[in-house]
Structure formats: structure tokens, C-alpha cells
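Student: Provided below for reference: sequence and predicted model.
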Amino acid sequence: MTNIKTVNGKKFVSFKTRIVLCVLFALIMGLLSSFVAFEVGVRVVDEFFLSEEAEAERDVELYQSFVEFVEKYDVASTDTKKFDEWISQYDDRVYLTVYREDKVFLKDFEISGDEVIPPDKVPEDSGNNGNDDYSFIDNALGEGNLYSNYDRTIYSVAFKDGVCAVTIGHEYSQVYTTIVLCIAATIFFVVFFSITSGFNNHLRLRVKNLSEQVSQVSGGDLNKPITLDGRDEVTILAQDIETMRSTLVDKIQSESKAWKANQELITSISHDIRNPLTSLVGYSDILHNKQYSSQKECESYLNRCHEKIYRLKELTEELFRYSLVFGAPEVQVNCTDENAVILLGQLIGEPLAELKSDGVEVASTILINNITIYVDALILKRVFDNLFSNINKYADLQRPVVASVTKNGEFLNVKLINYIKEISNPVESSKIGLKTCERLCKSLNIEFSYLEKKDKFTAEMLIPIVKITEKPIKE
């Protein structure tokens, strides 16, 4: 891969690479296992089946079997068909040569291996090592039933037509070697297919587990996270599904919160609207039915209707502003680097100047130098418009309004403080304007909070600082 990626905190390894590595590992382990099995098998065969003792026992068994066969069927030394019949009992792994006078009646096979001659049957003059084939035949016939020469064991056997020299051999080493090779090959394939099938089963179980978890998610169970294991394409797929699940959960939670907030808003607004509307209906009925005693009383009812109409107008405007902010899934922002002194001086200074011109005592403190903040100026202006609108509606303008901007670590701390005016018939506010400020500040990554304590109201914002220039701005 040209691009190195990390999956689940680990380096990505593709399926192709994993399959190649698995096959190579299976081949190496299979070859190593079969080699060990072959070496062990050869040692076992050499120790227990091809040792001198085992060869000697097998030679004696073959000799006794041939003697019993000759005696049982009264075989003559020239009856080669009977010899073939006896050899066929051993799947042609036995070699037999019969010598009679100067003639060889069966083909003589070269027999490899060590000679095994029981000590008690070796004649004292067995050291005759002449190179003439007929010398050992004569000795074998004249000196007993057993003689050793030329890597062979020579037996004397009494046939129907006389005693002859016989050599009996066998070739079982190739059979044992073939068996060991078959066992080693079997072990190789068992190990190879065990490793590759284990890898395949592991992958199949991962895919099956992922499929079951996806089925749970599609069935509506969104609380259980998707298991992330490995570092291949299956892990990437699981991560994508987990991201989708988390996004879906967040969206559902956001929708639930929005639905709950809207329900609370509707409940609050309906309560706020019902009170002036009920009063307005009552006053309009009195005026319509002329249930007043004087013109002055009529004008009093008209003034009350006028107040209630404007109260309804304010409530509907607040409702529309709230809908514009909370109706959209996200607030669209266009943030840029802004000079905090200039921007906040305009957003705070101008409304304070208007209040001062109306005779309201104001106090402002801006203890910042040339600081840059990253905000959307239009959205931040909407926040301050809402805050100063609340001041105009609910503040006791006979008492001072205080604004301050100070540096607090990596943030600008903006505070607006006012005193709450006393109302004879207070109506519980839905706080739509403050909720709108919370939503707008959240879109700008600004922490917004407010506190209403006794007769004092405080709104506070923490705006992140992007950078600070050492030289202050010259006013």
C-alpha cells in the first residue's frame, strides 16, 4: 500500500497481505512439522524395525516358514512355481535363491543390509571367504544347515530331491520408509489446512459477529456499540458502521431534545398567550355589548385591549425569532478573525449610548488590548440584540446598567448586569430570548450562562481568544 493508514489504533494490514502471510506461515509450519515427523519416524523404524535384532528375527521367521512350506508340500528343489507361491505370501518383498549342484534355479537378488547369524549355529570354520560361489555351496552342504558369506545367510534345506543351499532375504526398509513419508505428508497437510482453516474460521466469525450486530442496529437497538477488533477491511467496515450508529444516536438524541424543548416552548407560549388573549376577549365582549357605565370606563377598557394586543404582538415576535433559530437543524455560521476591541465596542457601546441618551445610568469596563477572536459578527450581534432587548423590557431603568469585558486566561469574559423592575401582575416569562442566545453562542463555540438572583440579572459569555497582539490599539 502506498498510503499507510491506522485502523483501531494499529497499522492497517490488508486481506491480501494477511492471506499471503497466513499461507506462508502454514507452509513453514507444515514443512517443519513433517520434517520433524519424518526424522522421528526414521529413528523409530531404525530402532525398532530395522535393527540387527529385528532383522535377525525376521530372517529366522522366514527360514522357518520356508522349511515348513517345503515339508508340508514336499517341494522339490526344481519346483519354481511352488517357490513363487511361497514368495507371493509376502507381497514379493522376500527374495529366495536355491543352489543345487552347479545350477541356480531362481534369480539371485542382491540383498542389502547387515548379516545376522545366530552364534550357536555358525560352524567353527565359517571364516571361509573364498570368491568361488561353489565353495560356499559345498561348505554349506557339508558343514551344517547354516553358513554366512558375501553379505548373505546361507541355509541348507532338505528338499524332496535332496539337500540344497538356500539364501533367503527381504526388503522391508522401503516399505517402512514409504509409511514414514506418508505419515509426514499427512502431518504436513493437517498442519497446513488447520492453520488456513483456522484463519478462515476466525474471519468468518468476525464477519458473522459484525452481521449480527448490524442486524441489532437495524432492529432498533442503538445503545450497544459495534465491536472493533483487528486492523483490516472488516475493521474499517465496523468503524464506518459504528460511526453511522453514533451519528444516528446523536441525531435521535438531538431530535428528542429539540422535541422536548419545543414542547416546553409551546406549553410556555400557550400559557403566555392565553392570559392576554382571555383578557382581550373579555374586554372586547364588554365593549361589544356596551356593558360600561361611562365614556371614561369605555376608554379604560380600550386602553387595556391596546396593552394586551401589543403584549400578544411581543409574544408572537419572540416565537418567530425562536422558530428561526431552533427550526433549522444547525445555525449557519461564517466565522472570521475579528478585533475584539472594535467589535465589542460597537456591539456593547452603541446600545449603552442609546440607554444613556434615554437617561439611564450606565457603566462600562473594557480592560483588553489588541485581542483577536474568531466569531461570526452578525450572529454575535443577534446575541447582544436579544440581551439588550431584554434589558429594555425587564430592567429597572431607574438603576444602573453595567457592562464589562475582561481577559480571563484564554477567554474574554463579557458580562451584562441589570436590575429587574417590579411588575404588579408579573407573567412568567418563557425566556425565549435567552434560549435563543444559548443556541447562537453554542454555534460560535462561546460559553453562555445567565443568573437571576433576587432583583439582579447577570448574563455572561466566555469568548475564546485566538491571539493577542502586544501593542494596544490607539483610540
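Tutor: Looks like it came in fine.

Student: going forward, measure contacts between C-alpha atoms and count neighbours the same way
Tutor: Will do.

Student: Pull the contacting residues for residue 67.
Tutor: residue 157 (CA atoms under 8 Å, 6 or more residues apart in numbering).

Student: ok, the residue nearest to residue 70 when sequence neighbours are not counted to residue 85 distance?
Tutor: Of all residues not flanking residue 70 in the chain, residue 159 sits nearest, at 6.7 Å (CA to CA, 6 or more residues apart in numbering). Applying CA to CA, to the nearest Å, the value for residue 159 to residue 85 is 16 Å.

Student: ok, now residue 274?
Tutor: Counting by CA to CA - residue 274 and residue 85 are separated by 121 Å.

Student: before we move on, back to that, which one of residue 159 and residue 85 is surrounded by more residues?
Tutor: residue 159 (17 against 11; other CA atoms under 10 Å).

Student: What mean pLDDT does the top strand by length along the chain get?
Tutor: Once the chain is assigned using DSSP state E, the strand that runs over the most residues is strand 456-469. Regarding strand 456-469, the rounded mean pLDDT is 88.

Student: quick one: buried residues of that strand?
Tutor: 457-465 (16 or more other CA atoms under 10 Å).

Student: out of those residues, who's nearest residue 96?
Tutor: The nearest member of these to residue 96, counting by CA to CA, is residue 464 at 105.4 Å.

Student: Find the residue closest to the closest one in space, skipping its chain neighbours.
Tutor: residue 411 (4.5 Å).

Student: What is the subsequent helix or strand relative to the helix or strand where residue 47 lies?
Tutor: Taking DSSP states H and E as the definition, residue 47 sits inside helix 15-48. Once the chain leaves helix 15-48, the next helix or strand it forms, by DSSP H and E, is helix 52-73.

Student: Give the buried residues for that next one.
Tutor: Of the residues in helix 52-73, 52, 55-56, 58-60, 62-63, 66-67, 69-70 count as buried by neighbour count, 16+ other CA under 10 Å.

Student: May I have it exported as CSV, CA atoms only?
Tutor: Provided in CSV are the C-alpha atoms of helix 52-73 (Å, rounded to 0.1, in the frame of the first residue of the first chain):
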residue,chain,number,x,y,z
GLU,A,52,20.1,-56.0,13.8
GLU,A,53,17.9,-57.9,16.3
ALA,A,54,14.7,-57.3,14.3
GLU,A,55,16.4,-58.3,11.0
ALA,A,56,17.7,-61.5,12.6
GLU,A,57,14.3,-62.4,14.0
ARG,A,58,12.7,-61.8,10.6
ASP,A,59,15.4,-63.9,8.8
VAL,A,60,14.8,-66.8,11.2
GLU,A,61,11.0,-66.5,10.8
LEU,A,62,11.3,-66.5,7.0
TYR,A,63,13.7,-69.6,7.1
GLN,A,64,11.3,-71.5,9.4
SER,A,65,8.3,-70.6,7.2
PHE,A,66,10.1,-71.8,4.1
VAL,A,67,11.2,-75.1,5.8
GLU,A,68,7.6,-75.7,7.0
PHE,A,69,6.3,-74.9,3.5
VAL,A,70,8.8,-77.4,1.9
GLU,A,71,7.9,-80.1,4.3
LYS,A,72,4.2,-79.5,4.1
TYR,A,73,4.0,-79.6,0.3
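
Student: hang on, residue 176 packs against residue 44?
Tutor: No: using CA atoms under 8 Å, residue 176 and residue 44 do not qualify as a contacting pair, with a distance of 10.0 Å.

Student: and the two? which has more neighbours close in?
Tutor: residue 176 (17 against 14).

Student: and the gap between the more buried one and residue 43?
Tutor: On the measure of CA to CA, residue 176 and residue 43 end up 11 Å apart.

Student: Check the burial of residue 356 by counting its neighbours.
Tutor: 15.

Student: what helix or strand is it on?
Tutor: helix 340-357.

Student: for that helix, packing partners?
Tutor: For helix 340-357, the packing partners by 3 or more CA pairs under 8 Å, 6 or more residues apart in numbering; DSSP states H and E come out as strand 362-367, strand 370-375, helix 377-394.

Student: Please convert these to a markdown table, extending it with mean pLDDT.
Tutor: Putting the helices and strands packed on helix 340-357 into a markdown table (pLDDT from 0 to 100) gives the following:
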| stretch | mean pLDDT |
| --- | --- |
| strand 362-367 | 82 |
| strand 370-375 | 89 |
| helix 377-394 | 87 |
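
Student: Tell me how many other residues surround residue 239.
Tutor: If we define neighbours as other CA under 10 Å, then residue 239 has 18 of them.

Student: Thanks a lot, catch you later.
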